[in-house]
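Q: Prediction below, plus the sequence it came from.
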Amino acid sequence: MALITPPVGVNTYVAAALGGKEAKMKDLFLWLIPFFFVMILETVILIFFPDIALWLGSTKL
């Protein structure tokens, strides 16, 4: 989450730099809102069901 949200938002700044003048920070953050909420949902699920993370770690993907 820290890589896409301010004040750090490193990935967002990189995407804005790669996009040139067409990519505005406001537009990038608007596109990131759904992804941010999915990451929050994933975190909440892992808080309430930590066995999911432990099971994934034990599969040695």
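A: Perfect, I can see it now. Since we're looking at a predicted model, the values are computed, not measured.

Q: in stretch 32-50, what's buried?
A: Buried residues in stretch 32-50, counted by 16 or more other C-beta atoms under 10 Å: Leu32. (Glycine included, C-beta is placed from N, CA and C.)

Q: could you pull out the helices for this protein?
A: With helices called from DSSP state H, the chain shows them at 10-19, 25-48, 51-58.

Q: now those helices as TSV including mean pLDDT?
A: Converted to TSV, the helices of the chain look like this (pLDDT from 0 to 100):
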stretch	mean pLDDT
helix 10-19	84
helix 25-48	90
helix 51-58	85
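
Q: With adjacent residues omitted, what lies nearest to Phe29?
A: Leaving aside its chain neighbours, Phe29 sits nearest to Thr12 (6.9 Å; criterion: C-beta to C-beta, 6 or more residues apart in numbering).

Q: Pretty sure that neighbour sits against Leu32.
A: Yes. If you go by C-beta atoms under 8 Å, Thr12 and Leu32 touch, sitting 6.9 Å apart.
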